[in-house]
Each structure stands twice: as structure tokens, then as C-alpha cells.
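S.K.: pasting the sequence and the predicted coordinates here, then a few questions.
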Amino acid sequence: MTPRDRGTVNRASPLAGLDRRQLLLGLGAAAGTLTAAGTAAAATEPDNVARAPLSDQTQQRQAFYGVHQAGIVTPRPATGIVASFDVLAPMPEDLVRLFRTLTTRCAFLMQGGTPPELDPRFPPVDSGLLGPVVFPDNLTITVSLGASMFDQRFGLGEQKPRRLLRMIRFPNDAPDAARCHGDLSLQFCANTADTNIHALRDILKTIPDLLVLRWMQEGSVPALPPQAGATPESARNFLGFRDGSANPDAGDPATMDAMVWVGAGQDEPEWARGGSYQVVRIIRNFVERWDRTPLREQERIIGRQKASGAPLSGGYEGDIPDFAADPKGEITPLDAHIRLANPRTKEARKNLILRRPFNYSNGITKAGQLDQGLLFIAYQNDLDRGFIAVQQRLDGEPLEEYIKPVGGGFFFTLPGVVDDTDFLGRGLLAAAGLIDANG
């Protein structure tokens with residue numbers, strides 16, 4: 001073929017009869033059509049059912065620094081974990097490293113950020129569960145100590161909170177030893193379960209020589225759509241009743257000082273001011289049996305209307321039942337759960353506790369029953385006067401036929417970290433002589 005032949009259009013070709021201008025215009029139109037098609041394809045991606053769900057709450061964050069730790073009076077998000085650990089620190093200086101490291105990791109995880117990159121021949125710093133940038137997602141991590149931390153290992157015995165003890169067994173309890181007690185507890189709370197798991201794995205990876213996981217329990221609460229002008233509702237537990245209806249006002253500092261925070265007027269070590277006693281109970285619900293119980297009997301066992309959460313005397317969830325006007329229990333039975341837990345007397349006010357529970361579901365038991373229940377978490381400034389007194393009143397209640405506590409522990413929640421020169425447990429370690437007063 002000659003050069004002249006290369007520039008000649010084959011008369012049998014579809015392009016035959018087109019001059020050069022028509023040919024260029026046609027090719028340009030074709031290119032435009034292809035570009036438009038590509039843009040449309042990019043704008044309409046396939047509907048992938050495995051696409052990540054979207055949330056506008058991933059950047060919500062709680063303050064890490066403060067007189068008190070976050071995660072107590074902080075509004076409860078949708079998911080939580082309580083993890084209990086045995087402390088492996090062999091020497092007092094290792095215990096100091098444990099508390100300093102926990103402080104650093106909790107501060108980073110609660111605020112979020114980009115983890116450093118290492119040589120890829122080494123394990124990555126971060127698990128990557130949340131992606132290359134860790135978002136805070138409303139995370140709080142609350143650190144507490146069990147009674148066993150104050151044994152002879154570290155010389156902390158003389159600084160033990162006065163009312164802290166190993167969780168005692170009540171008449172209806174059936175504790176599983178593998179799900180009880182511990183040297184240290186971490187409560188993780190966040191908008192999504194993966195954020196809690198990411199934080200737990202971060203801490204396990206960072207200090208595996210100082211902590212070993214003893215037991216853990218995940219939980220969640222159902223979210224409700226916002227309703228303008230409506231009174232906020234308590235979340236429902238797996239028995240279908242609202243849980244937390246009579247909780248004290250966590251937004252009232254005076255109430256929290258009186259009920260939750262250890263203060264100067266109490267017979268407690270100086271370092272414990274600003275802390276709180278934490279009670280964790282894993283309470284199985286026999287939901288199949290409960291679901292076969294008549295509604296009226298359920299309501300009389302609990303002492304509230306199931307649909308509204310109001311007392312049996314009527315009204316709304318937040319209304320205070322007048323037990324004095326019902327001395328024989330004709331409206332609210334004398335052994336109803338809410339009446340035993342809080343008789344609404346002047347004397348019973350000193351027994352109030354701040355509850356922050358989650359529901360849990362662990363699959364099925366070997367008997368083929370649903371393993372579901374309540375991850376009960378409560379805070380108070382006096383363990384004897386708070387949870388223990390309330391539980392003793394509840395011993396023998398009709399609700400025991402449908403519930404069985406199987407695990408948990410008593411812990412003391414450390415005071416907060418006031419600024420970036422402070423760290424968790426610094427006051428305790430200084431009081432025990434493990435560090436100097438300046439930390």
C-alpha cells in the first residue's frame with residue numbers, strides 16, 4: 001500500500017462518502033457520548049448490599065480530661081462492653097507503666113486521630129477496624145479497680161476504698177466463676193459496637209504483658225427516633241419494660257455529689273475523691289418463660305404499665321408512685337420490683353443508685369434456650385448503702401422466677417484525669433508511695 005493509498009477511504013467502508021469535516025464531527029459526537037455514558041456510570045454505582053452504612057455521628061466525642069471519668073454521667077450511647085482483666089504487672093514500676101499507658105491510649109481513642117505508620121515488615125500500630133483514621137464515635141472508656149488490686153502484690157492495701165469488697169453472692173445468684181470479679185475493669189461505650197471492639201483490641205495489643213482478659217460482656221440498647229416536644233423515654237430491656245425510669249438526674253451536680261461521687265465528707269482515702277463504686281451484674285433473663293406470662297402478671301411483678309412505663313396507678317413514666325396512699329398494695333403489690341427497690345420513703349433516698357445498663361444476647365444455651373439478659377451497671381458513692389442495700393430488699397421478689405444473676409463484679413472507678421500532666425491512678429500510686437507526690 002502506497003502513502004496515497006493509506007489516506008484513501010475504502011468505498012466499501014461505512015465511512016465512505018463522508019468528507020473530513022463530517023468525519024471529525026462524527027468522531028467528536030461519539031467521544032461526547034462515551035464521556036457522558038462514563039459520567040452516568042460513575043454517578044450510578046451498582047447497588048452493593050455490602051456497602052458500609054453511613055452515620056453523621058462518627059465525629060461525636062466526649063472530653064477525656066476532668067475531675068471525674070467520662071462514661072458515668074455521660075448520656076448512654078447505643079452500645080457498651082464491660083471487660084474485666086487480671087493484672088500481670090510483676091513490679092510496682094510496671095503498675096505505674098500500666099496506668100500511664102492506659103491514660104495515653106484512652107485519651108487517643110476517645111478523641112480519635114491517625115495512628116502512626118511503621119515499616120510494613122512489622123505489625124501495624126492499629127488493627128485497621130475503623131479504617132486509616134480512627135474516629136471517636138462518642139467513645140468513653142471508664143477504668144475501675146477490683147478489690148483484688150489491693151492485695152499484697154503492689155503495696156496498695158492501706159489505700160483500699162473502705163467499702164470495696166469482692167462481689168458477694170445473693171440468694172438468687174448462680175455465679176459462673178469464669179465470669180466474675182477481676183483486678184481491673186474497663187467499660188467501653190460508643191455509638192457503634194465496632195468502636196468499642198476496636199478500643200478493646202487496641203489496649204490488648206498495646207500492653208499484653210500487663211493485662212490479660214478475664215471475661216467480657218457486650219451489650220446494646222434500642223435506639224428511638226427523636227420526637228419533637230416528647231418526653232424522653234428510658235430504653236427497654238429484654239423483658240419489654242422501660243429500664244431506668246426512676247434514675248436520679250445525672251445532669252444535677254448536687255444530686256450526683258450526694259449519690260455518685262465520693263466526696264470529702266466520706267470515710268474514704270483522700271485519693272478516692274471524685275471516684276465512684278461500680279457494680280456490674282450479668283443477669284440472665286428467662287425470656288421464653290416470661291413471654292408465656294400474662295401481661296397483667298408481668299405488670300404486677302414489675303410495678304409498671306408495660307406500654308407506657310407509667311406506675312400502675314397511671315400517669316406517665318416519670319410520675320412518682322404514691323405508695324403511702326396504697327398501704328395494702330391493692331394498686332402496686334407490696335412485692336413489686338419497683339416498690340421493693342425504691343419504697344419512695346425519706347429513708348430510702350440514701351439508697352439511690354445511678355443505673356446505666358445494656359441488654360445482652362449471647363446466642364443459645366446447651367439446652368436450646370435464648371441466652372439473653374441485662375448487663376446491669378450502676379454507680380454510687382457508698383456500696384453498702386447503695387446497691388447492696390437495694391439488692392437485699394429485692395431478695396425473694398417474684399421477679400426472681402424469671403432472672404438469674406450469673407456474673408459480674410464490684411469495682412472502684414478511679415477519679416478523672418484533670419489535665420495532660422495527670423494520669424489515671426496517680427493519686428493512688430502517690431498515696432501508696434509508688435511515685436512521688438509530683439508523679
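M.R.: Great, that's in hand.
S.K.: for A348, report the pLDDT, please.
M.R.: Note for A348: predicted pLDDT of 94.
S.K.: now R97
M.R.: Each residue has a pLDDT score; the one for R97 is 98.
S.K.: what's the answer for A50, then?
M.R.: 91.
S.K.: backbone dihedrals for it, please?
M.R.: Main-chain torsions, A50, degrees, to the nearest 10: phi -90, psi 10.
S.K.: that one: neighbour count?
M.R.: A50 is flanked by 4 other residues according to other C-beta atoms under 10 Å. Placement of C-beta: from N, CA and C, glycine included.
S.K.: distance of it relative to T192?
M.R.: Distance, A50 to T192, by C-beta to C-beta, to the nearest Å: 17 Å.
S.K.: just the helices in this structure please.
M.R.: 3-6, 20-43, 92-111, 193-206, 253-259, 287-291, 295-302, 337-341, 389-394, 426-431 (DSSP state H).
S.K.: ranking the ones you listed by burial, who's on top?
M.R.: The highest average neighbour count among these, using mean count of other C-beta atoms under 10 Å, belongs to helix 426-431 at a mean of 22.
S.K.: mind giving me the packing neighbours of that helix?
M.R.: helix 92-111 (3 or more C-beta pairs under 8 Å, 6 or more residues apart in numbering; DSSP states H and E).
S.K.: report the inter-axis angle for the helix it packs on versus helix 193-206.
M.R.: 150 degrees (axes from the mean of the first three to the mean of the last three C-alpha atoms, to 10 degrees).
S.K.: so how far is helix 92-111 from its chain's centroid?
M.R.: Here helix 92-111 is found 19 Å from its chain centre; the criterion is C-alpha atoms, centre = their mean, to the nearest Å.
S.K.: quick one: contacts of that helix?
M.R.: Contacting residues not belonging to helix 92-111 are listed as 61-62, 64-65, 70, 87, 89, 134, 136, 139-141, 143, 154-155, 198-199, 202-203, 206-207, 210-211, 417, 422-426, 429, 434-435 [C-beta atoms under 8 Å, 6 or more residues apart in numbering].
S.K.: Q227: how many residues sit nearby?
M.R.: 9.
S.K.: please report the distance of it from S127.
M.R.: The gap separating Q227 from S127 is 38 Å, by C-beta to C-beta.
S.K.: now do the strands in the stretch 51-200 of the chain.
M.R.: Using DSSP state E, counting those that start in this stretch, the strands found in the stretch 51-200 of the chain span residues 79-87, 140-146, 184-190.
S.K.: now stretch 363-372: buried residues?
M.R.: Buried residues in stretch 363-372, counted by 16 or more other C-beta atoms under 10 Å: 370-372.
S.K.: nearest to R304, of these?
M.R.: Closest approach to R304 among the buried residues of stretch 363-372 (C-beta to C-beta): Q372, at 20.2 Å.
S.K.: my read: the closest one touches I283, true?
M.R.: No: counting by C-beta atoms under 8 Å, Q372 stays clear of I283, with 10.2 Å between them.
S.K.: beta partners for V134?
M.R.: Applying DSSP bridges to V134 yields these beta-bridge partners: G113.
S.K.: what is the burial count for it?
M.R.: 23.
S.K.: same question, P222
M.R.: Other residues near P222 come to 9 when the count uses other C-beta under 10 Å.
S.K.: who touches it in this structure?
M.R.: 235-236, 359.
S.K.: neighbour-wise, which one of those residues leads?
M.R.: Using other C-beta under 10 Å as the neighbour test, the contacts of P222 are led by N359, with 21 neighbours.
S.K.: residue contacts, that residue?
M.R.: Applying C-beta under 8 Å, 6+ apart to N359 gives the contacts 219-222, 237-238, 372-375.
S.K.: beta-bridge partners for it, please?
M.R.: S220, L374.
S.K.: so how far is A193 from L129?
M.R.: Distance check for L129 against A193: by C-beta to C-beta, it reads 11 Å.
S.K.: no, scratch that, I was asking about D202
M.R.: Where A193 is concerned, D202 sits at a distance of 15 Å (C-beta to C-beta).
S.K.: would you list the helices of the chain in JSON lines and tack on distance to T74?
M.R.: As requested, the helices of the chain are exported to JSON lines (distance: least, C-beta to C-beta, whole Å):
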{"stretch": "helix 3-6", "distance to T74": "78"}
{"stretch": "helix 20-43", "distance to T74": "41"}
{"stretch": "helix 92-111", "distance to T74": "11"}
{"stretch": "helix 193-206", "distance to T74": "14"}
{"stretch": "helix 253-259", "distance to T74": "12"}
{"stretch": "helix 287-291", "distance to T74": "29"}
{"stretch": "helix 295-302", "distance to T74": "27"}
{"stretch": "helix 337-341", "distance to T74": "24"}
{"stretch": "helix 389-394", "distance to T74": "23"}
{"stretch": "helix 426-431", "distance to T74": "22"}
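S.K.: Q380: which of these is closest?
M.R.: For Q380, the closest of those is helix 253-259, at 6.2 Å, according to C-beta to C-beta.
S.K.: in terms of pLDDT, where does G265 sit?
M.R.: On the pLDDT scale, G265 gets 87.
S.K.: what's the neighbour count on it?
M.R.: 7.
S.K.: flag the shaky bits of the stretch 301-439 of the chain, pLDDT-wise.
M.R.: 439 (pLDDT under 70).
S.K.: tell me which stretches of it form strands.
M.R.: Going by DSSP E, counting those that start in this stretch, the stretch 301-439 of the chain shows strands at 354-355, 358-364, 370-380, 403-413.
S.K.: in stretch 319-336, what counts as buried?
M.R.: Across stretch 319-336, burial judged by 16+ other C-beta under 10 Å covers 321, 323, 326, 331-333, 335-336.
S.K.: next, give me the two most distant ones among those.
M.R.: P321 and D335 (14.3 Å).
S.K.: lovely, talk soon.
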